[in-house]
Every structure is written in C-alpha cells, then in structure tokens.
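Trainee: curious how this folds, go ahead:
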Amino acid sequence: MLRHMNETPENKPPEAEKSRSAPFDAINSDERDDSDQANFRPYALPSHIAGSGTLDRLVENARDYAKASTAENTNKAYAADWKHFARWCRAKGADPLPPSAQMIGLYLTDLAAPSNGSPALSVSTIDRRLSGLSWNYAQRGYALNRKDRHIATILAGIKRKHAHPPVQKEAIGPDDILAMVTALPYDLRGLRDRAILLIGYAGGLRRSEIVSLDMGKDDTPDSGGWIEILDGGVLLTLNAKTGWREVEIGRGSSEQTCPVHALEQWLHFAKIDFGPVFVRTSRDGKRALQNRLNDKHIARLIKQTITNSGIRSDLPEKERLALFSGHSLRAGLASSADVDERYVQKQLGHASAEMTRRYQRRRDRFRVNLTKAAGL
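Mentor: The predicted model follows:
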C-alpha cells in the first residue's frame, strides 16, 4: 500500500536535525545534496503557455513575493520541517505526497514518543512542526486538514499527556538593565552594546528589529526600518512581524540611563550617518565596520552582560544564563512600565492585550481582586 517516493530537493536534513535523522542516513546514503527549499518553486507558467522574457520575470517576482509573505526565520523552520518529514517518510517506505492523515498521525506519535531512542520533542515544537507541514502542503497545491480525526485526536492526546506550562524567560528589570550597561566598557564596542541594550529595553524590541534598523528609509535593501532622532526622543519606523508600526522612545531622566543619548553617542563616535545603525566593530573594539550585526549578537550580549553584572548570582551559571534571552528585554518593558496596558501593547506591537499579558511577569498579578469585588 505504501509506495517508494522519488528523490526531492527537500529530503536532505538540516544541520539541526542531523542527530535525530542519523538512523536514516544509512538507508539513503546515495541521496542528492539538494539542501535548500529555494529549489522548491511553487510558481511557474502553465504548461500550455509559452515562456517569454516578460512572463519569466513576472514568475521570478511572484516567487520573491511568496517568499516574503513569511519571515525569513519562519521560512527556514518550515523548510526544515518538510525535510525532516520527507526523510521520515522515506525511512518508513512511504511517500509524503499526497498528504495522508494517518501517516502524519504516526509521524506526530514518533515525535512525541520516538521509537529510535531520540529525545522526545516538546508539545509546542510538535505543534509548530504540524504548522510547517500544513504550509508546505499548501505551497504544493494540497490541503492538509488538521481537524481530521487521525491528526486531531492524536495531537489532543499528546497535549493531554505531555503538555507543560510554557517556560518563560526571566524579565530584565530596571535595576538589572542598569547593572548590565554599567558592566560594559567605554570603547566603541561598549558604546554600541550600551545603545543596543537601552534601545531594545525602552522600545520593547525584538532582536531582529534592533539589528535591522537603518539610519534612513531607503538606505539598504535588507532594512527592517529606520530611525528619526527628535528633540523629545527617537522615533522608530519598523517593518515588524505584525506589519509596519511606529515606536516612540523618549529621553531618559539622566544621560547615564537615557537610551536616546546612548544611541547618539554610538552614532557620533562610530561616524554612522547612512546604512545600518548597528554594525560590527574591529577586533580591538575601536573602529566601526560596514557589516550589519546579526541578531544572534543580541542574545550573546545579554548573556555576557548578565554574567559580568552578577545578576541572579544565587544560581549556578548554567541555570542563570538559561533564564535570559532576547525576549527578556521585551518582557522587562512589559513588566516594569507602570502605565496603562494599552500603551505597552502598542509599544510591543501586539495585536491583543492577552499577548501583552504573557510578557508581564507578575506586574498585574492580583491588581484586580475579584474575591473582594464579590463581597468576600
């Protein structure tokens, strides 16, 4: 009943999945080294229409727009999801196309309780894998019904048996952020990193939003937004996860803690007036280079300054570092800004107040006492 599948460009595992898929390598040692989903092209001319230069350019543009419909990291994750599923199907002697609710149910089962001794995936990761498969099938012209009983009942059972409360990263509070920027040196690299932490904290920004900023609107093709420094603060215009939005970051109460002053200092001494706002520096930390920073630098910077400033030194270092990430800056603003929740929601760019509350660590807990309001 199962049939052997043809080789596809999606079947080579991503680096992150190699350990999980290692048993399959011996089975398919002769597979082709086509490792990028870029080889999968859902847009093409109908077979009955002759190609031309104009139409071919339109096809390429359509592919670019389709790729831009989701974030780059999302595209990478979805590509990895498909590659892993395709390899799993091949190892089982099945074909991933067309979609089979029964096979996908078995795949989810194997992710939750692996038969080869690999670590089980978390419920949230399994759910994300299923979303990736749904997206990939849609790009190939197939509809995957997540409500099919073979999928829905198994997924419900996995969630009921294995789900845990979400693990949230610790919020960086005002005292923490001050200790972190104090631990930075005052060379050019230190000025840059100080501006990154303060702007990221006061703006409630994502890592990708910080590093994608440009000085002007059309400075670079890979820009994710630009800045405008005004008397009252800095205005950020961001092409973010939820669409275009403006973020206002006001000036602080002192130069030592002011994110706008820190940004101005970095731009002045780095001599940046065009292109990316946050760029790499030379090894000695004294000269600004042209290359835009990678968002992974933000995560490393947070962990390094957490270590140097002694925050949560009551914990072993490994546990302490695991508590903090780039989201700790966003959670810090949401938890520390004692203003109407609507303003925090707008700053973070959330579509709902419920999402904003997920970022608030204990700030509004018991603020509304329904027990007393009910007369007890």
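Trainee: please enumerate the helices of the stretch 101-250 of the chain.
Mentor: 101-112, 123-139, 149-162, 174-182, 188-203, 207-211 (DSSP state H, counting those that start in this stretch).
Trainee: nearest to Ala373, out of those helices?
Mentor: Smallest distance to Ala373 across these (Cβ to Cβ): 30.8 Å, for helix 174-182. The C-beta positions use only the backbone N, C-alpha and C, and glycine is treated the same way.
Trainee: of the helices of the stretch 101-250 of the chain, which is nearest Ala66?
Mentor: helix 123-139 (7.8 Å).
Trainee: now that closest one: how far from the chain's centre is it?
Mentor: Distance of helix 123-139 from its chain centroid, counting by Cα atoms, centre = their mean, to the nearest Å, is 16 Å.
Trainee: list the helices and strands it packs on?
Mentor: Judged by 3 or more Cβ pairs under 8 Å, 6 or more residues apart in numbering; DSSP states H and E, helix 123-139 is in contact with helix 72-91, helix 101-112, helix 149-162.
Trainee: could I get the buried residue list for stretch 282-289?
Mentor: Ala288 (16 or more other Cβ atoms under 10 Å).
Trainee: quick one: terminal-to-terminal distance for that stretch?
Mentor: 7 Å (Cα to Cα, to the nearest Å).
Trainee: can you start the count at 291 instead of 1 from here on
Mentor: Understood, numbering begins at 291; the last thing we discussed is stretch 572-579.
Trainee: got a list of contacts for that stretch?
Mentor: By Cβ atoms under 8 Å, 6 or more residues apart in numbering, the surrounding residues in contact with stretch 572-579 are 475, 477-480, 482, 560-562, 569-571.
Trainee: which of the residues you listed sits closest to Lys531?
Mentor: Val569 (23.0 Å).
Trainee: tell me the phi and psi of Gln546?
Mentor: Main-chain dihedrals, Gln546, degrees, to the nearest 10: phi -70, psi -30.
Trainee: number of residues surrounding it?
Mentor: Residues near Gln546, counting by other Cβ atoms under 10 Å, number 12.
Trainee: measure it to Asp346 for me?
Mentor: To Asp346, Gln546 is 58 Å away according to Cβ to Cβ, to the nearest Å.
Trainee: then Arg573?
Mentor: Going from Arg573 to Asp346 by Cβ to Cβ gives 45 Å.
Trainee: shaky segments in the stretch 441-590 of the chain?
Mentor: Along the stretch 441-590 of the chain, the model assigns pLDDT under 70 to residues 456, 532.
Trainee: where exactly do the strands run in it?
Mentor: Ranges of strands in the stretch 441-590 of the chain, per DSSP state E, counting those that start in this stretch, are 503-504, 515-519, 523-530, 533-540, 569-571, 578-582.
Trainee: now for the ones you listed, which one comes closest to Arg439?
Mentor: Closest among these, using Cβ to Cβ: strand 533-540, at 35.9 Å.
Trainee: helices or strands up against the closest one?
Mentor: Going by 3+ Cβ pairs under 8 Å, 6+ apart, strand 533-540 lies up against helix 478-493, strand 523-530, helix 549-560, helix 631-638.
Trainee: the same query, at a cut-off of 6 Å, please.
Mentor: Secondary-structure packing of strand 533-540 (3 or more Cβ pairs under 6 Å, 6 or more residues apart in numbering; DSSP states H and E): helix 478-493, strand 523-530.
Trainee: distance check, Ile394 against Thr360.
Mentor: From Ile394 over to Thr360 the distance is 21 Å, taken as Cβ to Cβ.
Trainee: same check on Ala560?
Mentor: 33 Å.
Trainee: so which of these two has more stuff around it?
Mentor: Just comparing Ala560 and Thr360: by other Cβ under 10 Å the higher neighbour count belongs to Ala560, 20 against 13.
Trainee: what's the domain layout of the protein?
Mentor: 305-452, 464-649 (automatic domain parsing).
Trainee: just name the most buried of those.
Mentor: Highest mean neighbour count of these: domain 464-649, a mean of 17 (counted as mean count of other Cβ atoms under 10 Å).
Trainee: contacting residues for Leu445?
Mentor: The contact partners of Leu445, taken as Cβ atoms under 6 Å, 6 or more residues apart in numbering, number zero.
Trainee: please redo it, this time with the cut-off set to 7 Å
Mentor: When contacts are counted by Cβ atoms under 7 Å, 6 or more residues apart in numbering, Leu445 touches 398, 420.
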